[in-house]
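S.K.: Have a look; sequence and predicted model below, questions after that.
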Amino acid sequence: MLKIDDLRVHLDADAGLVRAIDGMRLTLAQGQTFALVGESGCGKSMTALALMRLLPDNGRIAGGRLDLDGQDLFDLSEARMRDVRGGRIGMIFQEPGTSLNPVMKVGAQIVEAIEAHTPLRGEAARKKAVDWLRRVGIPEPERRIDEYPFRLSGGQKQRIMIAMTLAAEPDFLIADEPTTALDVTIQAQILELLKDLQRERGLGLLLITHDLGVVSGMAHQVALMYAGQIVEVAPAADFFAAPKHPYARLLLRALPDAERRGEPLAAIPGTVPPLWQDFDGCRFEPRCDRAMVHCGSTCPSLSAVQDRPAGHEVRCLLYTDPREALMRPAARPAETAATAKSSTDQANGKRPLLLEVKDLKVRYPLARGLLGGTKRWFDAVGGVSWSIESGRTLALVGESGCGKTTTGKAIVQLLRRVATIEGQALLHPPTDAATGQGGAPRDLFALDGEALREARRQVQIIFQDPFASLNPRLRVQEVLEEGLLALRPELDASARLALLHELVDQVGLRRDALGRFPHEFSGGQRQRIAIARALAVEPRLIVCDEPTSALDVSVQAQILNLLRELQRSRGLSFLFITHNIGVVEYIADEVAVMQSGRIVEAGACDAVLGSPREAYTRTLLAAVPRVERRTAA
């Protein structure tokens, strides 16, 4: 067993001492999966880094014990810890783009891990690396092993990271959002691989994720974390059948699906409180829909729940304090969310076209000839056509590497120097209110100079990897102001600041975030910054490349509600590139399914997802992990 006892982690920050983890107790058994869930910023990833002793320079273990086979790992020297790290305890990091060495071929990185922790060397290690690439679903592993990370998609880099970790054959695995960037078919394949390893080798798995569907299908135990503390821990079946903490109940109500289409999701108001402050009572009290008068002044302890199976504990005064009669009225989060339905559920009248893509082809050069000509090409997108109307959402779904992100980047003119683009992307101007007519459409692929600058204000993108898309040397305020200075020069400094305050409020960040750097945020918080940057210049179309993949379900609900409200109020259109079928069911009007650079099925969301005609579409839908909806006891 791997036992965590009273773990406390402190970080030194400008605002003061941050108590990132405050008294955690968990036990991870071999052959078992323990899921750690909760919002961004609550301490999940910091827990993983603490267990691997990979804390940032300003962090330290302030107390507690990490017991592995009777040895406290916190007492080991760094030299001895290197043998444990990777060999006994492996870790899959949240952001593979920043975890892989950009100047080393992926095969060399996997071989390095194999040679460091197993007896294999040379060609035998390389052969094992190829085998692991094949097991995690990398196509053509013999060729891909000699690729650099930048030549791979986000999902492929995530699979490389998983292969590198598993190839060292650890006893315990810490997986920090291991399936975030994966499509549902590869996700199902990876999860089945982890289950097989548990059966074969007794692998113990600490699964850190916000995907409750994955937790429902994988976990034996679930711990819900909030503001540095465990607030509920229970066997997985009991957690989903009868969640006790108000936070757990609200999370399950925030999941998007077809049943909730046309109504706002139960987004939890507010954000996780800053952990440098002193808490006098329950940390969830300001956001709780069942808060009592004394919740703000009494700190609850993690206690067993009566009439529930052994091991079900909750940190809430509702179950430990007899003064329930003092419960105060509180607005339910579902009632405080915007109540207006989005334009996707309004009358289905004919809307003006915003963007028409005709026979789009994108080719990358793979090899050059001796005289400088291109010798070999890779057809990433092989002739796709689709259109988006004003105020509508088109979802683009398919497996990783099928061309979804390439399509989105081509639309916003980010591939001009690295690929050959053919076809048309016709951007239609807004309809004149007086005449009801619009001007002639412009081909985005033919624009340059000032015309391209104007088009970029109308078409923005939210990138898949928020860390790589944010300048690490700029504070958040500077990141958000870049687009305003370039594309909205009419705004003065005070107007820009007022707009930035409004934006961070909308995406669920505190205003003090404007003075911080990107590395000071969690992955989910960085994604919210990227969304705010795209919204800043008030575009007409936003290409959303996995905009909620790094977000927990409560923040995802806030963002989806925000996007729906912006669509209703501003007439925004979205090209929504995602692996999350639940999000597609909730927000999309039309769906296009891509396979190997081509669209194999397209149409209205209900028709494609409800009655798919193509076998490939049926395979995608069958692989979707879902939380079985039950009535809480």
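M.R.: The structure has been received and is ready for your questions.

S.K.: Can you pull the poorly scored residue ranges out of the stretch 301-450 of the chain?
M.R.: Applying pLDDT under 70 to the stretch 301-450 of the chain flags the ranges 321-350, 367-375, 432-438.

S.K.: That one: helices as residue ranges?
M.R.: With DSSP state H, counting those that start in this stretch as the definition, the stretch 301-450 of the chain shows helices at residue ranges 333-336, 404-411, 449-458.

S.K.: where does this structure have its least confident helix or strand?
M.R.: Scoring the helices and strands of the chain by mean pLDDT, DSSP states H and E places helix 333-336 at the bottom, with a mean of 38.

S.K.: Comparing the helices of the stretch 301-450 of the chain, which comes out most buried?
M.R.: Mean neighbours per residue, mean count of other CB atoms under 10 Å, is largest over the helices of the stretch 301-450 of the chain for helix 404-411, with a mean of 24. All C-beta spots, glycine's among them, are computed from the backbone N, C-alpha and C.

S.K.: So which of the helices of the stretch 301-450 of the chain is nearest Ala604?
M.R.: Among the helices of the stretch 301-450 of the chain, the nearest to Ala604 by CB to CB is helix 404-411 (19.4 Å).

S.K.: For the closest one, list the C-alpha coordinates in PDB.
M.R.: This file holds the C-alpha atoms of helix 404-411, laid out as PDB (Å, rounded to 0.1, in the frame of the first residue of the first chain):
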ATOM      1  CA  LYS A 404      -9.900  18.600 -36.600                       C
ATOM      2  CA  THR A 405      -7.400  21.000 -35.100                       C
ATOM      3  CA  THR A 406      -5.700  21.500 -38.500                       C
ATOM      4  CA  THR A 407      -9.000  22.500 -39.900                       C
ATOM      5  CA  GLY A 408      -9.500  25.100 -37.100                       C
ATOM      6  CA  LYS A 409      -6.000  26.500 -37.500                       C
ATOM      7  CA  ALA A 410      -6.400  26.800 -41.300                       C
ATOM      8  CA  ILE A 411      -9.500  28.900 -40.800                       C
END
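
S.K.: next one: it to chain centre, how far?
M.R.: How far helix 404-411 lies from its chain's middle: 19 Å, per CA atoms, centre = their mean, to the nearest Å.

S.K.: likewise stretch 174-188?
M.R.: 10 Å.

S.K.: First-to-last residue distance for that stretch?
M.R.: 18 Å (CA to CA, to the nearest Å).

S.K.: shaky segments in the protein?
M.R.: 181, 321-350, 367-375, 432-438, 523-524, 550, 628-633.

S.K.: among the helices of the stretch 301-450 of the chain, which is nearest Asp606?
M.R.: helix 404-411 (21.2 Å).

S.K.: Can you give me the buried ones in the helix or strand Glu502 falls within?
M.R.: Assigned by DSSP states H and E, Glu502 belongs to helix 493-506. Using 16 or more other CB atoms under 10 Å as the test for burial, helix 493-506 gives Arg496, Leu499, Leu500, Leu503, Val504, Gln506.

S.K.: Turn the helices of the stretch 301-450 of the chain into JSON lines, columns for distance to Ser77.
M.R.: As requested, the helices of the stretch 301-450 of the chain are exported to JSON lines (distance: least, CB to CB, whole Å):
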{"stretch": "helix 333-336", "distance to Ser77": "48"}
{"stretch": "helix 404-411", "distance to Ser77": "43"}
{"stretch": "helix 449-458", "distance to Ser77": "53"}
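
S.K.: So which of those helices is nearest His117?
M.R.: Closest to His117 of the helices of the stretch 301-450 of the chain, according to CB to CB: helix 404-411, at 33.0 Å.

S.K.: outside of the closest one, which residues touch it?
M.R.: Contact with helix 404-411 is made by 153-154, 355, 357, 360, 362, 380-381, 384, 396-398, 415, 419, 421, 425, 444, 459, 461, 464, 543, 545, 575, 577, 594, as judged by CB atoms under 8 Å, 6 or more residues apart in numbering.

S.K.: end to end, how far does stretch 297-305 reach?
M.R.: 22 Å.

S.K.: buried stuff in that stretch?
M.R.: Thr298, Pro300, Leu302, Val305.

S.K.: quick one: it to chain centroid distance?
M.R.: 31 Å.

S.K.: Pull the residues that contact that stretch.
M.R.: Taking CB under 8 Å, 6+ apart as the rule, stretch 297-305 contacts 25, 229-231, 233-234, 244, 279-282, 310, 312-317, 319-321.

S.K.: repeat that with 7 Å
M.R.: Residues from elsewhere that reach stretch 297-305 (CB atoms under 7 Å, 6 or more residues apart in numbering): 230, 244, 279-282, 312-317, 319-320.

S.K.: now these: which count as buried?
M.R.: 230, 244, 279, 281-282, 312-317, 319-320.

S.K.: Need those in CSV (columns: distance to Leu485).
M.R.: Formatted as CSV, the buried ones among the contacts of stretch 297-305 follow (distance: CB to CB, whole Å):
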residue, distance to Leu485
Ile230, 44
Lys244, 49
Phe279, 40
Gly281, 43
Cys282, 43
His312, 53
Glu313, 51
Val314, 49
Arg315, 46
Cys316, 47
Leu317, 49
Tyr319, 53
Thr320, 53
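
S.K.: before we move on, back to that, what's the helix holding Glu502 packed up against?
M.R.: helix 476-487, helix 523-536 (3 or more CB pairs under 7 Å, 6 or more residues apart in numbering; DSSP states H and E).

S.K.: Nearest to Thr165 among those would be which one?
M.R.: Taking CB to CB, helix 523-536 is the member of those nearest to Thr165, at 17.8 Å.

S.K.: following the closest one, which helix or strand comes up?
M.R.: Heading C-terminal from helix 523-536, the first helix or strand you meet, by DSSP H and E, is strand 541-545.

S.K.: Look up the closest residue to Cys42, ignoring the ones flanking it.
M.R.: Met225 (4.8 Å; CB to CB, 6 or more residues apart in numbering).

S.K.: Leu36 is in contact with the one you found, correct?
M.R.: Yes: the pair Met225 and Leu36 qualifies as a contact (CB atoms under 7 Å) at a distance of 6.0 Å.

S.K.: which neighbours do those two share?
M.R.: Each of Lys44 lies in contact with both Met225 and Leu36 under the rule CB under 7 Å, 6+ apart.

S.K.: domain ranges for the protein?
M.R.: Domain assignment for the chain by automatic domain parsing gives 2-219, 345-622.

S.K.: could you pull out the strands for the stretch 151-300 of the chain?
M.R.: Secondary structure of the stretch 151-300 of the chain (DSSP state E, counting those that start in this stretch): strands at 172-176, 204-208, 221-226, 229-235.

S.K.: Can you give the contact residues for the first one?
M.R.: Put plainly, it is strand 172-176. With contacts defined as CB under 7 Å, 6+ apart, strand 172-176 is touched by 2, 28, 45, 48, 51-52, 88-94, 165, 203-208.
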